[in-house]
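**Student:** Just need the structure, nothing else, for what follows:
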Amino acid sequence: MSDKITQMHSIERTSPKGGRFVGVCTLCGEKGLTPSDMSRVCANPEGVTEDEAILRAIDPDRAE
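**Tutor:** Predicted coordinates:
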């Protein structure tokens, strides 16, 4: 397990499947992100670790 704070966006898709991928960062709330934005630095105001970001992507209810 990694306790390292994630510095990259964790993007959840908000656009319809079959079209261009556009989403929102589940860590900072920035909207309109594309896969290329995953390499951009995220503010990550909650200080979520890399492992927790992955677990949140699998089970979004963990964020609550």
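**Student:** When you work out contacts or count neighbours from here on, use the C-alpha atoms and nothing else.
**Tutor:** Fine.
**Student:** mind checking how far Arg13 is from Ser2?
**Tutor:** 25 Å (C-alpha to C-alpha, to the nearest Å).
**Student:** again with Lys31
**Tutor:** Between Lys31 and Ser2 the distance is 27 Å, computed by C-alpha to C-alpha.
**Student:** Arg13 and Ser2: which has the busier surroundings?
**Tutor:** Neighbours were counted for Arg13 and for Ser2 using other C-alpha atoms under 10 Å; Arg13 has more, 18 against 9.
**Student:** List the buried residues in the helix or strand of the chain with the lowest mean pLDDT.
**Tutor:** Ranked by mean pLDDT, DSSP states H and E, the helix or strand of the chain with the weakest confidence is helix 50-58, at a mean of 88. For helix 50-58, burial by neighbour count (16 or more other C-alpha atoms under 10 Å) applies to 50, 52-53, 56-57.
**Student:** closest to Val24 among those?
**Tutor:** Among those, Ala57 lies closest to Val24 (C-alpha to C-alpha), at 11.9 Å.
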